[in-house]
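Peer 1: pasting the sequence and the predicted model now:
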There are 2 protein chains.
Amino acid sequence: MVLDVWFTEKHEDKQGISLKVKGILYSGQSEFQKIDVIDTEAYGKTLLLDGLVMTTEKDEFFYHEMISHIPLLAHPNPEKVLIIGGGDGGTVREVLRHPSVKEIVLCEIDGAVIDVSKQYLPSIACCLDDPKVKIHLEDAVKYIKDKKNCFDVVLIDSTDPLGPGVGLFTEEFYTNARDSLMENGVMAAQTESPIACQKEFKLINSLLNKVFSVVKPYFAPVPTYPGSYWSWTFCSGGGQPGICDDNLAAKLEKSTKYFNREIYSAVFAVPNYVKQLMASEEAVK
Amino acid sequence: MVLDVWFTEKHEDKQGISLKVKGILYSGQSEFQKIDVIDTEAYGKTLLLDGLVMTTEKDEFFYHEMISHIPLLAHPNPEKVLIIGGGDGGTVREVLRHPSVKEIVLCEIDGAVIDVSKQYLPSIACCLDDPKVKIHLEDAVKYIKDKKNCFDVVLIDSTDPLGPGVGLFTEEFYTNARDSLMENGVMAAQTESPIACQKEFKLINSLLNKVFSVVKPYFAPVPTYPGSYWSWTFCSGGGQPGICDDNLAAKLEKSTKYFNREIYSAVFAVPNYVKQLMASEEAVK
């Protein structure tokens, strides 16, 4: 008989996602956070930071395809890409599928996340040693301050607005991220759950609207995140989301698991209650 | 100090959704199944059948808007609608928003579901006494056998392929449902989770393809269902999904929470892995 062991990630002490655990592969404490890797029946190996699911082998594709292909396809020629956070390497792996990309700067505060991901999640971390990838182990809040006109695409692949990630959800940070973009540059950020984190979603959306002239949230499932329904937001100084190179998109969709060209447009449809949430003046409970 | 009580619905002994419980409002055993109503912090009052979440006050709109407005808007003049299952009344409520509808037949096997929903979930069951609604307390497998050319729209708002719902997921049943449609009739069915119930999704999809010439799955979140990512399938003898009356759709979207006209098209975008799942000859694990 096997042990009946379950991990439950509780969100706001109201709801949770429970995963049956086959084993605890790694538990450590870095300078910044608790890092664990558990092996789960449903989603395979699962990376936890401070007890919250960051990524799993079986559902990571939703998140990583959405944060990368949506903004990169909207840029006519993305060469230099900055990824903030993203130490598990999944976003790096997807960005490298774009042949125009010459350099990826990965600015991750916690080198231990990279080390643990390389060891336990090789299908996600597989491209972190690619020669196009430059890793900066630094707080992105500091890193980005003096970077002006440097990047074609900035991707904010952060944890939640808690712990080491909190400075990545401020008007000042978004302003610096905007100023780090070259002309025609685009940004995408993970912007929390439109169902389980409505307060955070609304706050981030209003901050982004102060900083960027084009702010377009988009939505997809991430089964192991709170509410299992997630958002990212496309931002730019004028360029709209859309596919610049249909041949490239057609080629990409041969290897993607969630993304395809129909999905590109579909994810930008905003549910009615989210429109109301964004328009309302009230704070959300 | 309040009690720290949690309900967890486990799916295939691998994953689960956990809800903090404020109270257990009703527990009973009908002729067909166990019926419970719990009050939850995150989603309000929640109806359980045989221990599985059927609907909740706070997220029911995703499911009920998707199963009703998508097929009804694709019919030029839906007058007679059959709802199979749906004893909680949410689908009835949404169907009644379509002014062309003259009669709704609700064929629910278990009258106790209707009674409990009326008592504990009035925001969902509110329209079950509408004069347009005819309730048949009968097994839909039997009910539908001799109904030929009767309905403009059939909606299969069933439980999962377990217990009393199992007969609603067979080629014979889908064939009888098809034959109950009038010319230009359309059907929609709940077709399980494309992430947590891939085997069931694929099986249902292949059965529907044997019976209908147009079979189009569509996808939306339902936070309290397994995987929190759900599917329904639009079926017809030739008519494609689409909005027949844009004025009606515009009017509907003033009161819907998830649905709007952009969402209508977006939900039909099929993720790449789902396309592969549907195309593959292999059984899914």
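Peer 2: Arrived safely, thanks for sending. Numbers count the residues shown, from 1 in each chain, chains lettered A, B, ... in the order given.

Peer 1: near chain B, which residues of the stretch 101-250 of chain A are found?
Peer 2: A:Ile195, A:Ala196, A:Pro221, A:Pro223, A:Gly227, A:Ser228, A:Tyr229 (CB under 8 Å from any CB of the partner chain). (Glycine included, C-beta is placed from N, CA and C.)

Peer 1: nearest to chain B, of those residues?
Peer 2: Nearest to chain B among those, counting by CB to the nearest CB, is A:Ser228 at 3.0 Å.

Peer 1: does the closest one touch B:Tyr229 like I think?
Peer 2: Yes - with contact defined as CB atoms under 8 Å, A:Ser228 counts as touching B:Tyr229 (6.3 Å).

Peer 1: direction included, what does the lengthiest strand in chain A pair up with?
Peer 2: The strand that spans the most residues within chain A, counting by DSSP state E, is strand A:15-29. In the sheet, strand A:15-29 lines up against strand A:6-11 (antiparallel), strand A:34-40 (antiparallel), strand B:15-29 (antiparallel) (DSSP bridges).

Peer 1: list the buried ones in it?
Peer 2: Neighbour counts over strand A:15-29 (16 or more other CB atoms under 10 Å in any protein chain shown) mark A:Gln15, A:Gly16, A:Ile17, A:Ser18, A:Leu19, A:Lys20, A:Val21, A:Leu25 as buried.

Peer 1: state the distance from the last one to A:Gly44.
Peer 2: Here A:Leu25 is placed at a distance of 11 Å from A:Gly44 (CB to CB, to the nearest Å).

Peer 1: could you do the fourth one as well?
Peer 2: Taking CB to CB as the measure, A:Ser18 and A:Gly44 are separated by 16 Å.

Peer 1: repeat for the third one
Peer 2: In this structure, A:Ile17 and A:Gly44 are 15 Å apart, going by CB to CB.

Peer 1: repeat for the first one
Peer 2: Relative to A:Gly44, A:Gln15 is positioned 23 Å away (CB to CB).

Peer 1: can you pull the contacts of A:Asp130?
Peer 2: By CB atoms under 8 Å, 6 or more residues apart in numbering or on different chains, A:Asp130 lies in contact with A:Val92, A:Leu96, A:Ile104.

Peer 1: quick check: which element contains the closest residue to A:Lys134 other than its chain neighbours?
Peer 2: Excluding its sequence neighbours, the residue lying closest to A:Lys134 (CB to CB, 6 or more residues apart in numbering or on different chains) is A:Val105, at 5.1 Å. Using DSSP states H and E, A:Val105 sits within strand A:103-108.

Peer 1: can you give me the domain boundaries for chain A?
Peer 2: Following automatic domain parsing, chain A resolves into domains at A:6-54, A:60-279.

Peer 1: out of those domains, which is the most enclosed?
Peer 2: Ranked by mean neighbour count under mean count of other CB atoms under 10 Å in any protein chain shown, those are led by domain A:60-279, which reaches a mean of 20.

Peer 1: how long is that one end to end?
Peer 2: 31 Å (CA to CA, to the nearest Å).

Peer 1: quick one: mean pLDDT over it.
Peer 2: The average pLDDT for domain A:60-279 rounds to 96.

Peer 1: before we move on, back to that, I'd assumed A:Glu138 was in contact with the residue nearest to A:Lys134.
Peer 2: No - contact criterion CB under 8 Å: A:Val105 and A:Glu138 do not qualify, at 10.3 Å.

Peer 1: now the nearest residue to A:Cys197 once chain neighbours are set aside: how far from A:Asp130?
Peer 2: Excluding its sequence neighbours, the residue lying closest to A:Cys197 (CB to CB, 6+ apart) is A:Pro226, at 6.4 Å. Taking CB to CB as the measure, A:Pro226 falls 32 Å from A:Asp130.

Peer 1: what's near enough to touch A:Gln33?
Peer 2: A:Leu49, A:Asp50, A:Asp110, A:Gly163, A:Pro164.

Peer 1: just A:Tyr264 next, same as before
Peer 2: A:His69, A:Ile70, A:Leu73, A:Pro241, A:Gly242, A:Ile243, A:Ala249.

Peer 1: what sits against the fourth one?
Peer 2: For A:Pro241, the contact set (CB under 8 Å, 6+ apart) comprises A:Ile70, A:Pro71, A:Ala74, A:Lys216, A:Tyr218, A:Phe234, A:Tyr264, A:Phe268.

Peer 1: looks to me like the fifth one is in a strand.
Peer 2: Pointing back at A:Tyr218 there. Yes - the assignment for A:Tyr218 by DSSP: H, G, I helix; E, B strand; the rest coil puts it in a strand.

Peer 1: which non-adjacent residue is nearest it?
Peer 2: Nearest to A:Tyr218 is A:Val267, by CB to CB, 6+ apart, at 4.1 Å.

Peer 1: with A:Leu73 instead?
Peer 2: Per CB to CB, 6+ apart, closest to A:Leu73 is A:Ile243, 4.9 Å.

Peer 1: doesn't A:Lys134 lie inside a strand?
Peer 2: Yes - looking at A:Lys134 with three-state DSSP, it is inside a strand.

Peer 1: show me the strands in the stretch 101-250 of chain A, by range?
Peer 2: A:103-108, A:133-137, A:151-157, A:181-190, A:214-221, A:229-236 (DSSP state E, counting those that start in this stretch).
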